[in-house]
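[1] Based on what follows, work out the 3D shape:
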Amino acid sequence: MVTRGTLSRRLVLASAAGALATPAIAQGAWPNKPVRVVIAYPPGGPTDLATRITLDKVATKLGQPFIFDNKGGASGAIGAEAVKNSAPDGYTFLGMTIAMMAITPHLQPIPYHPEKDFVHVARMATSMGALAAHPSMPFNTLPELVAYAKANPGKLHWGSSGMATITHLYGEMLKLEAGIDIVHVPYKGSAQALQDLLSGQVQLQFDQLVLPHVATGKLKGLAALSDTRWPGKPDMPTLREQGYGKNGADSWYGIMAPASTPAPIVEKLAALIRESLRDPDTIEKLDKAGQRATFLDPRQMKERLAVESAAFGDVIRKGNIKVQ
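    Now for the predicted structure:
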């Protein structure tokens, strides 16, 4: 015989069990439809390539397609705002770069807050790059460059892809840390800067595009810009190995989600991204795109972004850098 008290207890227990089971059911069902990934830059660029290459294997594992939606413009702000305003249900993610979260916020008003409006999912890949010099320069190492610059203030010029880009900030970081006077020459893109470096119109460049010319000896490679050495020239030390770029200045690409996206979904996607980045096929494709797999989990990504945002912000303030 079921008494009123027994029935009440059963109803309470059933209700509690249902409440506990609902999230598990929802998590187990994710994803049950295509997942949209907003890429905050145009097709064919490094952010686009890193995102598509990495998530290709993830989509296969999940059994649902990833729909890539390129929303370039405004230094990534258009794509970021679109994701910020999306439902936090695990069906919209953001393919982003460090610049839009750690550089742009220090330069201009943006319609999103890098910390409050998003949750970190994973860092995927880092662009390989180098500090290169014209072969006519009388130095072959970074210490020799610093010594030359100190003896010849204002005589060395470095070309960048534009004002307040990461290729500009690399040079500003070296200026501040080494205490040297080198002159910035902004271009409308890295390719134009490279042309003038090869012809000797400028003497230095911090960029990914210099790597093929370093490999062939047309340019002198003085430092790898990432946290590990470039496999194409393993004898070229990194900036950090030579005492510079201590707080990080890597150009990297990651995945974020709207704030309040369920943690189990974020963790599941992060684990699958880690798995994808260990796959030889993914590694080979990233390598051909000039990138390395450099996975960071949500916590590590958040911590790294905070360190680099502080470092870039410091350089921007001390260098009085403005967007023109």
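
[2] and the longest strand for this structure?
    When the chain is parsed with DSSP state E, its longest strand is strand 118-127.

[3] What segments of the stretch 1-150 of the chain are helices?
    4-29, 46-62, 77-84, 98-102, 142-151 (DSSP state H, counting those that start in this stretch).

[4] Can you classify D196 as helix, strand or coil?
    Secondary structure for D196, judged by DSSP: H, G, I helix; E, B strand; the rest coil, is helix.

[5] Quick check: it touching H134?
    No - applying Cβ atoms under 8 Å as the test, D196 and H134 come out as separate, 9.6 Å apart. Where C-beta positions appear, they are placed from N, C-alpha and C, glycine not excepted.

[6] what do these two both touch?
    Common contacts of D196 and H134 (Cβ atoms under 8 Å, 6 or more residues apart in numbering): V202.

[7] Next one: the residue positioned nearest the centre of the chain from F295, what distance?
    For the chain, the residue sitting closest to the mean C-alpha position, by Cα atoms, centre = their mean, is W252 at 2.4 Å. When distance is defined by Cβ to Cβ, to the nearest Å, W252 is 11 Å away from F295.

[8] what touches both of the two?
    R123, M124.

[9] contacting residues for the closest residue to A215 other than its chain neighbours?
    Nearest residue to A215, sequence neighbours excluded (Cβ to Cβ, 6 or more residues apart in numbering): G232, at 5.2 Å. The neighbours of G232, taking Cβ under 8 Å, 6+ apart as the test, are M128, L211, V214, A215.

[10] residue ranges with poor pLDDT in this structure?
    Low-confidence segments of the chain (pLDDT under 70): 1-28, 247-249, 324.

[11] Now do the domain split for it, please.
    Per the record, the chain has its domains at 34-128+251-318, 130-242, by automatic domain parsing.

[12] And for the helix or strand harbouring I316, what's in contact with it?
    For I316, the enclosing helix or strand under DSSP states H and E is helix 298-318. Applying Cβ under 8 Å, 6+ apart, the contact partners of helix 298-318 are 98, 101-103, 105-107, 114, 119-123, 164, 169, 172-173, 176, 247-250, 254, 266-267, 270, 296, 321.
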